[in-house]
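Trainee: generate a structure from the sequence data that follows.
(4 chains)
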Protein chains: 2
Amino acid sequence: MGSTGIHAPAADAAGAPRTREDVVLAAGRLFAQRGYHGTSMRDLGEELGMLGSSIYSHVAGKNELLVEVIRRGAEFFNEVVATASAAGGTAIDELERLIRGHVRVVVGHIDEVRTFLFESRFLPEYDRLKIVEMRDDYEAAYRSAIERGLGEGSIAAGVDPGITAIFVLSVLNALIRWYRPDGGRDADDIAAEMWAFVANGIGAEGSR
Amino acid sequence: MGSTGIHAPAADAAGAPRTREDVVLAAGRLFAQRGYHGTSMRDLGEELGMLGSSIYSHVAGKNELLVEVIRRGAEFFNEVVATASAAGGTAIDELERLIRGHVRVVVGHIDEVRTFLFESRFLPEYDRLKIVEMRDDYEAAYRSAIERGLGEGSIAAGVDPGITAIFVLSVLNALIRWYRPDGGRDADDIAAEMWAFVANGIGAEGSR
DNA sequence: CCTACCGATCGGTAGG
DNA sequence: CCTACCGATCGGTAGG
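Mentor: Residues are numbered from 1 along each chain as shown, chains lettered A, B, ... in the order given. This next block holds a predicted model:
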């Protein structure tokens, strides 16, 4: 078989050894599909073509993998907020950018997002609290964009920014429940449909 | 200690032995909090004040508990659809009733609903498929109410019933993520706030 | 990355 | 519902 002998390290079809990156990506896939507690290190090894015990040469433990996968998910969302806020424009423009960015993250990094949304409760306390904070900040970005729109008059008076931010994020987050990569809609199509619904929900000017 | 001797069965503070009902309710609590794979039969025994092995005198296995908890969650939602559809009235009335009923189920049976929404993927294949069907029917109830509203002219022309049903259910289902029993809002308050958002989203007549 | 393990815990059973 | 177990699997380690 292999030219390096019986004890050659397992490797992928191209012969390259696995990296920490491979391990984290595979962990994201399995955590998203089977859940953190439903995935064993041996399962993960099988996914990578190696033994479960071999994974420990890439990471310190199973927990570290959960932290790393979720940290990546959180980072994608943080980047969206940073970009959308820095771009300027009206509150309505900002909201549209936030939504489009969010949908792109879900569509482009579904495993990390699924793990982020479903498995964060199994994080060690310290990391779990950081994620809770991050979610609060994320929600606050939506709330403050809505408040700005209220000030501009581009969002209907009487809209409650707090609860409305929650509702908008509800629509966005539920995407992981129904999105299918083969569904024929791309990220920006989905974002446009969501925006049509949300714009009416907040009485955005010119929405109907 | 107990008057029935050293080998008296464990019982609650009132001295009553546990029933199958107690076991299923406790399982719902733990599955909702720690997840199905994060809950051991010994954990569940501790919650009930008995040994893990004693649970097998009430149920055949851990899996049966998952099926039973989720079956109950599904039943609550099915009852809402049956009641809301049978009550007559306009499509708008029906939608309002569906939403109010849904929120009441989440608020009143949060453990079963959480388990239903987060742990269904761990169900045995047969039961999992039944739940998928049930969800499709549930979504169809929203879709057909929206279609009826379109026909009545009480919902804005141009609204897509399929995607809109998904968005409305997104707002409803996300309630399990943010609802806190001590939050000062009761079920009907929450339902009214959701309806205000959704009614605008679908351009319900008189919504703004 | 593999071999060869470890102690702990898992779902579950027999018998009372 | 408890006692006393069972085989299987878990996360993880030492050493190469």
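
Trainee: contacts only, for A:D186.
Mentor: Residues in contact with A:D186 (C-beta atoms under 8 Å, 6 or more residues apart in numbering or on different chains) are A:V107. To be clear about C-beta, it is placed using only N, CA and C from the backbone, and glycine gets the same treatment.

Trainee: next one: it from A:L51, what distance?
Mentor: 39 Å (C-beta to C-beta, to the nearest Å).

Trainee: what of A:L129?
Mentor: Going from A:L129 to A:L51 by C-beta to C-beta gives 34 Å.

Trainee: show the subsequent helix or strand relative to the host helix or strand of A:L25.
Mentor: According to DSSP states H and E, A:L25 maps onto helix A:20-34. Later in the chain than helix A:20-34, the nearest helix or strand by DSSP H and E is helix A:41-48.

Trainee: how about that next one, does it reach chain B?
Mentor: No: Helix A:41-48 lies out of reach of chain B by C-beta under 8 Å from any C-beta of the partner chain, never closer than 11.9 Å.

Trainee: now the spatially most central residue of chain A: which helix or strand?
Mentor: Nearest to the mean C-alpha position of chain A, counting by C-alpha atoms, centre = their mean, stands A:V113 at 2.8 Å. If you go by DSSP H and E, A:V113 is part of helix A:110-119.

Trainee: can I get that helix as PDB, trimmed to CA atoms?
Mentor: C-alpha atoms of helix A:110-119 as PDB (Å, rounded to 0.1, in the frame of the first residue of the first chain):
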ATOM      1  CA  ILE A 110     -23.500  26.300   8.900                       C
ATOM      2  CA  ASP A 111     -21.700  23.800  11.100                       C
ATOM      3  CA  GLU A 112     -20.100  26.500  13.300                       C
ATOM      4  CA  VAL A 113     -23.400  28.400  13.500                       C
ATOM      5  CA  ARG A 114     -25.300  25.300  14.400                       C
ATOM      6  CA  THR A 115     -22.800  24.400  17.100                       C
ATOM      7  CA  PHE A 116     -22.900  28.000  18.300                       C
ATOM      8  CA  LEU A 117     -26.600  28.000  18.600                       C
ATOM      9  CA  PHE A 118     -27.300  24.500  19.900                       C
ATOM     10  CA  GLU A 119     -24.200  23.500  21.900                       C
END
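
Trainee: what average pLDDT does it get?
Mentor: Helix A:110-119 carries an average pLDDT of 98.

Trainee: is any part of it close to DNA strand D?
Mentor: No: Helix A:110-119 does not reach DNA strand D (C-beta under 7 Å from any atom of the strand); its nearest approach is 12.9 Å.

Trainee: so how far is that helix off the chain centroid?
Mentor: The chain centroid and the centroid of helix A:110-119 are separated by 6 Å, computed with C-alpha atoms, centre = their mean, to the nearest Å.

Trainee: so after it, what's the next helix or strand?
Mentor: Taking DSSP H and E, what comes next after helix A:110-119 is helix A:125-152.

Trainee: and the helix or strand following that next one, what's its mean pLDDT?
Mentor: Beyond helix A:125-152 on the C-terminal side, the first helix or strand identified by DSSP H and E is helix A:161-173. Mean pLDDT, computed over helix A:161-173, is 98.

Trainee: how far off centre is helix A:161-173?
Mentor: With C-alpha atoms, centre = their mean, you get 16 Å for helix A:161-173.

Trainee: likewise stretch A:99-116?
Mentor: For stretch A:99-116, the distance to the chain centre is 4 Å (C-alpha atoms, centre = their mean).

Trainee: then stretch A:18-36?
Mentor: For stretch A:18-36, the distance to the chain centre is 14 Å (C-alpha atoms, centre = their mean).

Trainee: so A:I110 touches A:Y179, yeah?
Mentor: Yes: using C-beta atoms under 8 Å, A:I110 makes contact with A:Y179 at a distance of 7.0 Å.

Trainee: and chain A, which residues reach DNA strand D?
Mentor: Residues of chain A lying close to DNA strand D (C-beta under 7 Å from any atom of the strand) are A:39-43, A:52-53, A:56-57, A:60-63.

Trainee: ok, A:N173 to DNA strand C distance?
Mentor: As for A:N173, its distance to DNA strand C is 29 Å (criterion: C-beta to the nearest atom of the strand, to the nearest Å).

Trainee: you'd agree that residue is up against B:A174?
Mentor: Yes: the pair A:N173 / B:A174 is scored as a contact, 6.2 Å apart, by C-beta under 8 Å.

Trainee: more neighbours, these two?
Mentor: More crowded of A:N173 and B:A174, by other C-beta atoms under 10 Å in any protein chain shown: B:A174, with 22 against 18.

Trainee: identify the residue nearest that one in space, chain neighbours excluded?
Mentor: Distance criterion C-beta to C-beta, 6 or more residues apart in numbering or on different chains; nearest residue to B:A174, sequence neighbours excluded, is A:S170 at 3.3 Å.

Trainee: A:N63 sits in which helix or strand?
Mentor: Counting by DSSP H and E, A:N63 is part of helix A:62-86.

Trainee: mind listing what A:G151 touches?
Mentor: A:A91.

Trainee: near A:L123, how many other residues are there?
Mentor: Count around A:L123 with other C-beta under 10 Å applied: 20.

Trainee: tell me the SS of A:G184?
Mentor: coil (DSSP: H, G, I helix; E, B strand; the rest coil).

Trainee: for it, grab the count of nearby residues.
Mentor: A:G184, neighbours per other C-beta under 10 Å, totals 7.
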